[in-house]
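**Student:** Show me the folded form of this:
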Amino acid sequence: MLASLPLPVAIVAAAAGGERSCSTGTVSYVSYEPPLLAVPLSARGRTAQLARESGELSVSLLGDGQAELAVRAARSSSGDKFAEQDIPVLDPPEGAVAPAVAGSASVYWCRVVGEHPHAHGLLIVAEVKGHAHGQGRPLLRSDTETHLVMSSGAETTIRYETGRDPAGVAALADATYAERDLAASLASGTFITAGMVVVPCSMRTLSGVANSAADNLITRAADVHLKERRPLVLVVRETPLHAGHLRLMSEATAAGAIILPPVPGFYQRPQTVAEIVDHTIGKVLDVLGIHDHELFRRWSGPDTD
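**Tutor:** Okay, the predicted model is just below:
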C-alpha cells in the first residue's frame with residue numbers, strides 16, 4: 001500500500017575526522033514535531049559509519065535536473081566521493097559538520113537519533129536541526145511502481161561491476177524484499193503486477209524457473225508470473241552456451257518466459273558503455289509494454305548522410 005508513495009531522490013552525506021562521504025537513496029518523514037526523517041543506508045557503507053561517528057548527516061533532495069548526480073553518488077569510492085565524482089559541495093552551516101549538495105531543491109542537516117536494521121541495510125532516524133531551500137521541483141522516482149528482490153549474488157555483482165552501493169540501488173525501488181521471504185506479497189498470484197524482469201539472470205536461476213523450483217522469492221515470483229500468464233523477462237548472460245543451457249532456455253520459453261540476452265545493438269552506433277547498457281534496458285522496457293522512453297533511437301532506416 002505505502003509502496004506507491006512518491007518519494008524524493010536524495011543524496012545523504014556525513015563527515016567525521018576529516019573524512020566525508022555520500023550515497024544515493026530516498027528519504028521519508030517520520031513526524032512533523034519533532035521533525036524526524038527516515039533515511040535508508042548501507043550498514044557497511046562509509047556514509048553510515050561517518051554518520052555514527054559524528055552523530056550527524058545531511059539530506060540533499062535533488063532537483064529534477066540532477067539525476068546524473070544521483071548516479072555518481074551511488075558509486076563506490078575509496079576516498080572523497082565528492083571530489084572523485086565531481087559532486088558540487090554546499091558547506092554546512094555553523095554548528096554542523098556534514099557537507100551537502102549544492103544546487104539541491106532542499107537540504108536538511110540532521111542529528112542521528114536512532115537506527116534500525118532492514119532487509120538491505122540500515123534505516124537511520126534523524127532529527128532536522130537546520131535546512132536550506134533551493135529552486136525547482138524535487139527529483140522523484142519513476143511513476144512506475146517497482147518491487148525489488150536483490151539476491152546476495154546481485155549485491156556482489158553491483159559492488160564489483162558497477163562500483164555502486166547495493167543499499168543505494170535498493171533504495172530506488174518502491175519496495176524491497178529479502179531473497180528468502182517466501183511469505184512476501186510477490187509470492188502470490190493475487191498480488192497484481194505488470195511483469196517481472198530477472199537481470200542479470202544466472203544459469204542457476206534459469207534452471208529454477210525452467211524446472212519450477214521455487215525455493216526462493218525470485219524463482220517463486222517468476223513461477224507466479226508464468227502461471228498467471230504475465231510477462232517474465234530473463235536477461236540471461238553467459239557465453240559460450242552448452243546444450244544444457246540451451247535446453248533450459250527452451251523449456252523456460254515453452255513455459256512462457258522471454259529470454260532476452262544483453263546483446264548490444266551496434267547499429268545504434270553507441271559511443272559509451274552506458275549507451276550499450278541503455279539499449280538492453282530499453283529492449284526490456286519494450287517487452288513490458290513501456291515504450292515512452294528515450295533510451296535509444298528507434299530504427300527508421302540507415303542514415304543517409
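**Student:** contacts and neighbour counts: CA atoms only from here.
**Tutor:** OK.
**Student:** So what's the residue count around the closest residue to Ala175 other than its chain neighbours?
**Tutor:** Nearest residue to Ala175, sequence neighbours excluded (CA to CA, 6 or more residues apart in numbering): His147, at 4.8 Å. For His147, the count of nearby residues is 17 (other CA atoms under 10 Å).
**Student:** Which pLDDT value goes with His147?
**Tutor:** We have a pLDDT of 92 for His147.
**Student:** dump the residue contacts of it.
**Tutor:** 173-177 (CA atoms under 8 Å, 6 or more residues apart in numbering).
**Student:** let's go with 7 Å and repeat that
**Tutor:** The contact partners of His147, taken as CA atoms under 7 Å, 6 or more residues apart in numbering, are 173-176.
**Student:** List phi and psi for it.
**Tutor:** Backbone torsions of His147, given as degrees, to the nearest 10, read phi -120, psi 130.
**Student:** Ala243 now?
**Tutor:** Dihedral angles (degrees, to the nearest 10) for Ala243: phi -60, psi -40.
**Student:** Other residues contacting stretch 43-58?
**Tutor:** Against stretch 43-58 from outside (CA under 7 Å, 6+ apart): 12-16, 21-23, 41-42, 98-100, 107-112, 121-122.
**Student:** ok, now stretch 228-244?
**Tutor:** Contacts of stretch 228-244 (CA under 7 Å, 6+ apart): 189, 194-202, 222, 225-226, 257-262, 288.
**Student:** Show me those residues that map onto helices.
**Tutor:** 222, 225-226 (DSSP state H).
**Student:** CSV for those, including pLDDT and neighbour count?
**Tutor:** Below are the ones in helices among the contacts of stretch 228-244 laid out as CSV (pLDDT from 0 to 100; neighbours: other CA atoms under 10 Å):
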residue, pLDDT, neighbour count
Ala222, 97, 30
His225, 96, 25
Leu226, 96, 21
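**Student:** would you turn these into TSV with distance to Ile281?
**Tutor:** Formatted as TSV, the ones in helices among the contacts of stretch 228-244 follow (distance: CA to CA, whole Å):
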residue	distance to Ile281
Ala222	19
His225	20
Leu226	21
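**Student:** All the helices of the stretch 101-250 of the chain, in order from the start?
**Tutor:** Using DSSP state H, counting those that start in this stretch, the helices of the stretch 101-250 of the chain run over 152-157, 166-170, 203-210, 217-227, 243-255.
**Student:** Let me know the angle separating the fourth one from helix 203-210.
**Tutor:** Calculated by axes from the mean of the first three to the mean of the last three CA atoms, to 10 degrees, helix 217-227 forms an angle of 40 degrees with helix 203-210.
**Student:** before we move on, what about the last one?
**Tutor:** An angle of 40 degrees separates the directions of helix 243-255 and helix 203-210 when computed by the same axes, to 10 degrees.
**Student:** Give me the average confidence score over helix 243-255.
**Tutor:** 97.
**Student:** May I have the beta-bridge partners of the residue lying closest to Pro40 once chain neighbours are set aside?
**Tutor:** Nearest residue to Pro40, sequence neighbours excluded (CA to CA, 6+ apart): Leu123, at 4.3 Å. Note on Leu123: beta-bridge partners Pro40, His116, judged by DSSP bridges.
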